[in-house]
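# 3D model of this:
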Amino acid sequence: MQSRLFPESERGKADMGWLKANFSFSFGNYYNPESVQFGMLRVLNDDTIGAGMGFGTHPHEDMEIITIPLEGGLTHRDSLGNEATVRFGEVQVMSAGTGVRHSEMNASATEAAKTLQLWIFPEREDVTPRYDQKSFDLEQHRNSLVTIVTPENKNDGNALWIHQQAYLHLGIFDAGKTTTYTVKQKENGVYLFLIAGEIEINNQTIHQRDAYGIVDFETFEIKTNALSKILVIEVPMKHSN
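Alright, predicted model coming up:
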């Protein structure tokens, strides 16, 4: 097993007034040659978007994009004809594939929205663009990891799916709990992002908004020192082709 802590303090940051962004990996004007991606995970942005503001229409292609609202919601419009608002408790996926244009605007005119957005390289390019979203009740499954995204060929209908051998899990855990994570595919690694709380893995304390990368493992234990909200991102560490 190999592991590395990615402290919150080392993330890239941008403050545009209407947008306060934190970048786990190089993005836009922020470039860190030591933090470009983790395997097939290319982007993990932690954004606060001002009331009534957002990202105007812009293009994407050949990327699996996953949006997780932490507070509030975003209204999505795209060139496929989709228009929907994804809110706290829901998760959204968009396969950009051969190309799609979309906008993402704060759904509230009075309150800020807080979101996580992930970009994952697909296992094959030029797929037909698609959009989907789904709600997940984390409280009902408190103290366990809820699967929110799987590969298309491993999907049972209870989670969203993307064009990559990747798995995403979210969970809310009370203090003093221990849970074991088992890798789904042995070539994959895990990038764990602690949304809130404090946990320990391999005797390493991980604080709110820290991340922890693990490769070459079969299982690891997560111990919670406080009420914690955890995002586990399992991705291939290299392109399948």
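# how about the lowest-mean-pLDDT helix or strand in the chain: buried residues?
Using mean pLDDT, DSSP states H and E, strand 54-60 stands out as the lowest-scoring helix or strand of the chain, at a mean of 89. Within strand 54-60, the residues that qualify as buried are 54, 60, counting by 16 or more other CB atoms under 10 Å. Backbone N, C-alpha and C define where each C-beta goes, glycine included.
# what lines up beside that strand in the sheet?
Applying DSSP bridges, strand 54-60 is found paired with strand 100-106 (antiparallel).
# for the following helix or strand past the partner strand, the distance to its chain's centre please.
Per DSSP states H and E, strand 100-106 leads on to strand 113-120 as the next helix or strand towards the C-terminus. Averaging C-alpha positions (CA atoms, centre = their mean, to the nearest Å) puts strand 113-120 6 Å from its chain's average.
# Kindly report the same for stretch 60-76.
The chain centroid and the centroid of stretch 60-76 are separated by 9 Å under CA atoms, centre = their mean.
# mind listing what the residue most central in space within the chain touches?
Geometric centre of the chain, nearest residue: residue 118, 4.3 Å, by CA atoms, centre = their mean. Neighbour list for residue 118: 41, 43-45, 65-68, 168, 233 [criterion: CB atoms under 8 Å, 6 or more residues apart in numbering].
# ok, 10 Å please
When contacts are counted by CB atoms under 10 Å, 6 or more residues apart in numbering, residue 118 touches 24, 41-45, 63-68, 93, 149, 162, 166, 168, 191, 193, 231, 233, 235.
# Same check on residue 189?
2-3, 38-41, 183, 213-217, 233-238.
# List the buried residues of the helix or strand containing it.
Assigned by DSSP H and E, residue 189 belongs to strand 188-196. By 16+ other CB under 10 Å, the buried positions in strand 188-196 come out as 188-195.
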